[in-house]
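> pasting the sequence and the predicted coordinates here, then a few questions.
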Amino acid sequence: MCMRQDNSHSSGDRGSLSAFVACLVTMFIALAGLTFDGGRVISKYVEISDVAANAARAGSQMLVNIRTGNPQLDIPTARARAESVLRLSGVSGNVAATHEGIVVKVRGVVEMKLLSLFGVTKRTVSITRRALPMVGT
């Protein structure tokens with residue numbers, strides 16, 4: 001008596017490997033998107049943070065009345081200097097200056113490359129940097 005071996009798969013298992021592979025591929029693309037586009041967001045943050053800090057520092061150096069012993073921030077000149085640094089760097093932002101210091105707010109937009117496949121089209125990065133005028137003795 002011989003027993004017949006049935007090597008056929010049940011019909012409920014057909015295509016399950018294809019679905020598993022499709023899920024894995026989608027997951028790897030999403031992970032690559034998070035890595036690639038996330039790195040671009042961090043890079044943009046560092047870039048605009050540097051520009052905002054440089055603009056704030058440049059503006060805070062615009063002092064008047066140093067020789068009289070009563071140094072003060074020249075507000076119009078400080079604002080213009082900070083805006084000039086932003087403009088030369090190709091970054092747009094808002095500059096606020098008072099006698100206490102200068103505040104620079106900058107925003108940047110990062111277009112998503114890989115994550116756009118999953119509906120994430122862009123991310124906005126914003127940063128605020130402040131500088132206070134310091135007078136040495």
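That came in fine, so what should we check first?

> what ranges does the chain have for its strands?
In the chain, the strands defined using DSSP state E lie at 63-64, 72-73, 93-97, 102-111, 122-131.

> got these as CSV, with mean neighbour count columns?
Glycine gets a C-beta too; all of them are placed from N, C-alpha and C. Output for the strands of the chain, formatted as CSV (neighbours: other C-beta atoms under 10 Å):
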stretch, mean neighbour count
strand 63-64, 14
strand 72-73, 18
strand 93-97, 20
strand 102-111, 19
strand 122-131, 16
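
> relative to A80, which of the ones you listed is closest?
For A80, the closest of the strands of the chain is strand 93-97, at 8.7 Å, according to C-beta to C-beta.

> which helices and strands does that closest one pack with?
With contacts defined as 3 or more C-beta pairs under 8 Å, 6 or more residues apart in numbering; DSSP states H and E, the packing partners of strand 93-97 are helix 16-60, helix 75-89, strand 102-111.

> contacts for the last one, please.
In other words, strand 102-111. Taking C-beta atoms under 8 Å, 6 or more residues apart in numbering as the criterion, the residues outside strand 102-111 that touch it are 37, 40-41, 44-45, 47-49, 51-53, 55-56, 59-60, 73, 78-79, 82, 86, 91-97, 121-131.
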